[in-house]
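Visitor: one predicted model, sequence on top.
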Amino acid sequence: MKNDARKGFFLGVATTLALCLLVNSLTTYFGKNSFYITKAKAIYSLLEDKYIDKIDKEKAFDGLYTGLVALSTDKYSRYIPASEYESFKKSTEGSYSGIGVKTSINQEDNSIYVHSIYENSPAKKAGLLVGDKIINVEGTAVSYDNYTECLELIGGKEGSSFKMTIDRNGEKLEKTLTREKISVPTVASNIINEKIGYLKIDAFEAVTYDQYKTELDKLKQSNISSLIIDLRNNPGGLLNIVSKIADDILPEGTITYTEDKNGNREYEKSKAGELELPLAVLVNENSASASELLTAAVKDTKKGTIIGKNTYGKGVVQSTYPFKDGSALKITTSKYYTPNGVCIDGVGVSPNIEVENPKDFEIPPLTSSHIEYDLENDTQLLTAVDFLEK
């Protein structure tokens with residue numbers, strides 16, 4: 001008994017010393033802000049001791065980290081829980097194992113529905129249609145509240161199968177789908193009036209440059225006389241990918257440069273060699289980030305003519321820092337500048353020719369490497385065609 005008591009005493013002393021060292025180290029690191037750490041510890045202790053039910057530690061601290069980032073930084077920075085980080089990484093890779101659909105939320109009833117379906121995908125083969133509401137995946141009812149969880153259930157190991165229940169105009173249908181490796185189409189092309197190349201870039205993901213080269217080569221083989229690059233509704237993506245595309249298009253010189261909080265600059269340069277075709281670039285208010293970088297570089301170097309609406313105005317760069325527990329921190333670390341030294345954050349890029357589309361016209365999402373066009377209703381695209389045919 002005495003030995004047990006002695007062991008307990010020394011263990012208590014060791015624990016106390018460890019806690020003291022931890023608090024002291026945090027105090028040293030955070031200085032005068034150590035009050036906030038002490039307060040957070042006090043709140044957590046009260047929850048553990050006094051709250052009537054058991055608290056979920058993982059959710060508690062995920063909430064703490066999320067709030068710490070969300071309430072102290074800009075709208076682009078965020079803490080990414082371990083449960084979401086794998087999906088986050090896949091979102092920039094341009095390929096994944098799944099069924100080949102894009103889903104969206106119906107704003108009227110918060111239901112989840114199929115927004116678009118990739119060609120030759122498991123969803124297409126199983127007979128899913130745009131507009132189908134997804135109501136159950138693998139026995140889990142789908143709702144607005146568990147949207148992310150259900151997307152994870154739809155994804156999975158290549159070759160594995162699962163059951164999905166959909167609602168199609170009030171009729172419930174059960175579908176069995178087998179997951180395949182999906183290469184997301186981010187670039188598509190077509191030829192307008194037998195001579196104008198039309199290239200739509202939906203995003204700048206890991207697969208985008210190779211897709212861009214493939215589609216541009218196809219257009220060149222058809223002896224196009226000019227080119228339209230459509231960046232409308234392009235939310236951006238990877239800086240290294242858009243820089244490679246810009247290098248192919250622009251004359252030798254600066255594509256962009258970034259500057260961090262300490263004034264350190266990093267330059268993205270274009271080598272000698274450029275696109276030898278008259279060029280028009282289509283943009284709108286949803287063209288953001290990397291797509292604005294390319295737009296501004298084309299405009300500043302006078303390589304092409306920008307047509308459409310003023311762009312979104314995201315001129316900042318995010319860096320991602322993963323943690324050992326599988327979570328990560330994505331934060332804004334620098335601003336980027338156009339070749340003329342302008343930061344477009346909060347301002348956007350203004351077009352050389354401003355054109356607005358009809359309000360009821362929607363730009364269709366890419367579902368394959370081929371894109372249809374509508375010169376009757378797409379006023380911005382028609383303007384670009386008329387400009388290049390002059």
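Guide: Nice, thanks for sending it over. Residues are numbered from 1 along each chain as shown.
Visitor: SS state for the nearest residue to residue 315 once chain neighbours are set aside?
Guide: The shortest distance from residue 315 to any non-neighbouring residue, by CB to CB, 6 or more residues apart in numbering, is to residue 345 (3.3 Å). Quick note: C-beta positions are derived from backbone N, CA and C, even for glycine. Of the three states, residue 345 takes coil according to DSSP: H, G, I helix; E, B strand; the rest coil.
Visitor: quick check on residue 345: phi, psi?
Guide: Main-chain dihedrals, residue 345, degrees, to the nearest 10: phi -60, psi 120.
Visitor: longest strand anywhere in this structure?
Guide: When the chain is parsed with DSSP state E, its longest strand is strand 328-337.
Visitor: export that one to PDB, keeping only CA atoms.
Guide: Taking only C-alpha atoms (Å, rounded to 0.1, in the frame of the first residue of the first chain), the coordinates of strand 328-337 have been written out as PDB:
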ATOM      1  CA  ALA A 328      -4.900  20.600 -42.300                       C
ATOM      2  CA  LEU A 329      -4.800  24.400 -42.300                       C
ATOM      3  CA  LYS A 330      -5.400  26.300 -45.500                       C
ATOM      4  CA  ILE A 331      -4.500  30.000 -45.100                       C
ATOM      5  CA  THR A 332      -3.900  33.000 -47.300                       C
ATOM      6  CA  THR A 333      -0.100  33.500 -47.400                       C
ATOM      7  CA  SER A 334       0.400  36.000 -50.300                       C
ATOM      8  CA  LYS A 335      -1.200  38.300 -52.800                       C
ATOM      9  CA  TYR A 336      -0.500  38.000 -56.500                       C
ATOM     10  CA  TYR A 337       0.100  40.900 -59.000                       C
END
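Visitor: report the buried residues of it.
Guide: Residues 328-330, 332, 334-337 are the ones in strand 328-337 that count as buried (16 or more other CB atoms under 10 Å).
Visitor: can you check stretch 123-137 too?
Guide: 123-124, 126, 128, 132-137.
Visitor: need the residues that contact it.
Guide: Taking contacts as CB atoms under 8 Å, 6 or more residues apart in numbering, the residues outside stretch 123-137 that touch it are 99-101, 103, 106, 111-118, 141-142, 150, 153-154, 162-168, 172, 175-177.
Visitor: okay, and which of the residues you listed map to helices?
Guide: Using DSSP state H, 150, 153-154 are the members of those that sit in helices.
Visitor: restricted to buried residues, select these in ChimeraX.
Guide: Buried subset of the ones in helices among the contacts of stretch 123-137, written as a ChimeraX selection, criterion 16+ other CB under 10 Å:
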select :150,153,154
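Visitor: and of the ones in helices among the contacts of stretch 123-137, the nearest to residue 227?
Guide: If you rank the ones in helices among the contacts of stretch 123-137 by distance to residue 227 using CB to CB, residue 154 comes first, at 36.6 Å.
Visitor: assess the claim that the closest one and residue 98 are in contact.
Guide: Yes. Residue 154 is within contact range of residue 98, at 6.1 Å (criterion: CB atoms under 8 Å).
Visitor: please identify the buried residues of the helix or strand where residue 189 lies?
Guide: If you go by DSSP states H and E, residue 189 is part of strand 187-192. The neighbour-count check on strand 187-192 (16+ other CB under 10 Å) flags 187-190, 192 as buried.
Visitor: stretch 62-75 too?
Guide: 62, 65, 69.
Visitor: and if you look at stretch 226-240?
Guide: 226-234, 236-239.
Visitor: try stretch 47-62
Guide: In stretch 47-62, counting by 16+ other CB under 10 Å, buried: residue 62.
Visitor: where along the protein do the helices fall?
Guide: Under the criterion DSSP H, helices of the chain are mapped to 2-30, 34-50, 57-70, 82-93, 122-125, 147-154, 208-221, 239-249, 290-300, 379-389.
Visitor: how about the ones you listed in a markdown table, adding mean pLDDT and distance to residue 76?
Guide: Below are the helices of the chain laid out as a markdown table (pLDDT from 0 to 100; distance: least, CB to CB, whole Å):
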| stretch | mean pLDDT | distance to residue 76 |
| --- | --- | --- |
| helix 2-30 | 47 | 25 |
| helix 34-50 | 85 | 24 |
| helix 57-70 | 87 | 11 |
| helix 82-93 | 77 | 13 |
| helix 122-125 | 93 | 31 |
| helix 147-154 | 80 | 19 |
| helix 208-221 | 97 | 20 |
| helix 239-249 | 96 | 14 |
| helix 290-300 | 97 | 13 |
| helix 379-389 | 97 | 27 |
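Visitor: among the ones you listed, show me which one is buried the most.
Guide: helix 290-300 (a mean of 26; mean count of other CB atoms under 10 Å).
Visitor: now that one - C-alpha only, CSV.
Guide: Taking Å, rounded to 0.1, in the frame of the first residue of the first chain, the C-alpha atoms of helix 290-300 are listed here in CSV:
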residue,chain,number,x,y,z
ALA,A,290,-6.2,31.6,-61.2
SER,A,291,-8.6,32.4,-64.1
GLU,A,292,-8.2,36.1,-63.3
LEU,A,293,-4.4,35.7,-63.2
LEU,A,294,-4.5,34.4,-66.8
THR,A,295,-7.0,37.1,-67.9
ALA,A,296,-4.9,39.9,-66.4
ALA,A,297,-1.7,38.6,-68.0
VAL,A,298,-3.3,38.4,-71.4
LYS,A,299,-4.7,41.9,-71.0
ASP,A,300,-1.5,43.5,-69.6
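Visitor: which neighbouring elements make contact with that helix?
Guide: Judged by 3 or more CB pairs under 8 Å, 6 or more residues apart in numbering; DSSP states H and E, helix 290-300 is in contact with helix 239-249, strand 253-260, strand 279-283, strand 305-308.
Visitor: and residue 356, which of the ones you listed is closest to it?
Guide: Nearest to residue 356, of all these, is strand 305-308, at 8.3 Å by CB to CB.
Visitor: check which helices and strands the closest one sits against.
Guide: Using 3+ CB pairs under 8 Å, 6+ apart, the elements in contact with strand 305-308 are strand 279-283, helix 290-300, strand 353-354, helix 379-389.
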